[in-house]
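Asks: Kindly return the folded structure for what I paste below:
(one chain, ligands or ions: 1)
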Amino acid sequence: MAYIVDMRSDTVTKPTKAMKHAMVNSALGDDVYGEDPTVITLQKKVATLLGKQASLFVPSGTMSNLIAVMVHCNKRGSEVILGNLSHIYKYEQGGAAHVAGVQLTAVPNNPDGTFDLRDVEKRIRGSDIHEPITSLIAIENSHNVCGGKVIPLDWLDSVSELCKKHSLPLHLDGARLLNASTHLQLPPERLVRGCDSISLCFSKGLSAPVGSVLVGSYHFIEQARRVRKMLGGGMRQAGVLAAPALVALDEVAPALALDHKRAQVLAKVIEGMFLKNFTVDVAGVHTNLVMVRIPESSSLTTQLVEQRLGQVCLAETQGDCKTPNDEGVIVKVCCFSDKLLRLTLHHDICDEDLWLAIMKLTYVFRELEAAHPLH
Ligand SMILES: Cc1ncc(COP(=O)(O)O)c(C=O)c1O
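Replies: Numbers count the residues shown, from 1 in each chain. Below is the predicted model of the structure:
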């Protein structure tokens, strides 16, 4: 069997030994009654980490964002303003509209994950009865589609000021917030200072099997608890899931910088190949995601690249791509679009995996460059 390096996403990470041990050995109770001690410990720990009053353990990032929208937008005819490349807008099935009856108004995201705040200010509705009620602004940090970019602090402060000026709450989809704080070498509390609610995921770069946490004021979390129950997210002995999340905070979060370093190495190797078909913005690699762009003028697509990386040809196993078992390497990647490929570094990719992936990627990229010449 070929050796597989799975770079599709940081969601593919498996729970560590310590996490499995904690799952089996933690104290449990019925969390719908608020009686699971491990969940309570996790919720207190995250609230403290983010400098907020309270938090709520939920099954997924998608549910966490939806609960936030439903609590903030509790009047019919409400609207959220957010970036057009945000996860809430692109990848959550329009749950805000579908489930909550909330309109999502998207403004164009800049390549750094921000958006134009003058544009947003113009879109905030007044008292015209023809219009929906602007009830929330939502942002994302680090920004997934923008390649794991970390949002500049001064922009975070500006968006929070804008929200205050218009008495609007600010929600942060911080699925990878700890990657952002690791990059900035700042406590996460600083990054969320101006936010009224934050969603943070344990099942991405933090390597835990399941779960997210929604963070905010006591009052917000009290309402969020009701909405979670209504959505079917009330879990009983949820400590089995909170336990690995606690391990993730203690043991995996401090190692995120290693993923970022490996992402830099990978990006620099690809840049250093000077290929016309595969370009990387090395300076834009802030965290664990490396976006590889194929020019629009190329006949190559990411689907072709993905397919080729999933195969092993005879020459590879005898030449440069030799693996410990001589059966070649498969690199799994994520096609963000026809021309944009995402490679993700995470806790389950060690230095040896990275070098095997680099061997395979360089071999395949050179082969495809020769087959798809660009002038
Ligand atoms: C930025 C962002 N927000 C939210 C989510 C949703 O998380 P989940 O898959 O746990 O629903 C993801 C998932 O990858 C994400 O990348």
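Asks: tally of neighbours for the residue lying closest to residue 263 once chain neighbours are set aside?
Replies: Nearest residue to residue 263, sequence neighbours excluded (C-beta to C-beta, 6 or more residues apart in numbering): residue 345, at 4.6 Å. (Glycine included, C-beta is placed from N, CA and C.) By the other C-beta atoms under 10 Å criterion, the neighbourhood of residue 345 contains 29 residues.
Asks: Next, the contact list for residue 345, please.
Replies: Going by C-beta atoms under 8 Å, 6 or more residues apart in numbering, residue 345 touches 7, 10, 259, 260, 262, 263, 266, 288, 289, 290, 354.
Asks: Hmm, residue 205 and the third one touching each other?
Replies: Yes - taking C-beta atoms under 8 Å as the contact criterion, residue 259 and residue 205 are neighbours in contact, 6.3 Å apart.
Asks: Same drill for those two, tell me which one is more crowded.
Replies: residue 205 (31 against 24).
Asks: The residue nearest to residue 263 and the ligand, how far apart?
Replies: Separation of residue 345 from the ligand (C-beta to the nearest ligand atom, to the nearest Å): 15 Å.
Asks: quick one: pLDDT of that residue?
Replies: At residue 345, the pLDDT value in this model is 98.
Asks: For stretch 341-355, measure first residue to last.
Replies: This stretch, stretch 341-355, spans 19 Å end to end (C-alpha to C-alpha, to the nearest Å).
Asks: chain center to it, what's the gap?
Replies: Distance, stretch centre to chain centre, for stretch 341-355: 16 Å (C-alpha atoms, centre = their mean, to the nearest Å).
Asks: Equivalent analysis for stretch 74-90, please.
Replies: That offset, for stretch 74-90, works out to 17 Å (C-alpha atoms, centre = their mean).
Asks: Now do that stretch: distance from first to last residue.
Replies: Between the opening and closing residues of stretch 74-90 there is a gap of 22 Å (C-alpha to C-alpha).
Asks: Any buried residues in stretch 212-226, and which?
Replies: Using 16 or more other C-beta atoms under 10 Å as the test for burial, stretch 212-226 gives 212, 213, 214, 215, 216, 220, 221, 223, 224, 225.
Asks: Might one say that the second one is in contact with residue 55?
Replies: Think residue 213. Yes - counting by C-beta under 8 Å, residue 213 touches residue 55, with 4.9 Å between them.
Asks: Tell me where the model's unsure across this structure.
Replies: Filtered on pLDDT under 70, the chain yields the residue ranges 319-325.
Asks: Report the contact partners of the closest residue to the ligand within it.
Replies: The ligand sits closest to residue 61 of the chain, with a gap of 2.5 Å, by C-beta to the nearest ligand atom. Counting by C-beta under 8 Å, 6+ apart, residue 61 makes contact with 87, 173, 175, 199, 201, 203, 204, 212.
Asks: Could you rerun that using 7 Å?
Replies: 175, 199, 201, 212 (C-beta atoms under 7 Å, 6 or more residues apart in numbering).
Asks: try residue 301
Replies: Counting by C-beta under 7 Å, 6+ apart, residue 301 makes contact with residue 338.
Asks: Check residue 308 too.
Replies: 364, 368.
Asks: domain ranges for this structure?
Replies: Residue ranges for the domains of the chain, per automatic domain parsing: 3-10+255-371, 14-252.
Asks: gap between the shortest one and the chain center?
Replies: Mean C-alpha position of domain 3-10+255-371 versus that of the full chain (C-alpha atoms, centre = their mean) differs by 19 Å.
Asks: residue boundaries of the helices in the stretch 201-350 of the chain?
Replies: Using DSSP state H, counting those that start in this stretch, the helices of the stretch 201-350 of the chain run over residues 218-230, 239-247, 256-272, 302-309, 314-318.
Asks: For residue 151, which of the ones you listed is the nearest?
Replies: Of all these, it is helix 256-272 that lies closest to residue 151, at 15.8 Å by C-beta to C-beta.
Asks: who touches that closest one?
Replies: With contacts defined as C-beta under 7 Å, 6+ apart, helix 256-272 is touched by 178-179, 182-183, 205, 278, 280, 282, 285, 287-290, 292, 343, 345-347, 349, 354, 358, 362.
Asks: Could you give the bridge partners of the spatially closest residue to residue 163 that is not a sequence neighbour?
Replies: Using C-beta to C-beta, 6+ apart and skipping the chain neighbours, the partner closest in space to residue 163 is residue 170 (4.4 Å). Residue 170 has these beta-bridge partners by DSSP bridges: residue 137.
Asks: give me the number of residues near residue 170?
Replies: Residue 170: 22 surrounding residues under other C-beta under 10 Å.
Asks: Residue 8 too?
Replies: By other C-beta under 10 Å, the residues close to residue 8 number 16.
Asks: The one 5 residues further on now?
Replies: Applying other C-beta under 10 Å, we find 22 residues neighbouring residue 13.
Asks: ok, now which ones touch it?
Replies: Contacts for residue 13 were tallied using C-beta under 7 Å, 6+ apart; they are 207, 346, 347, 348.
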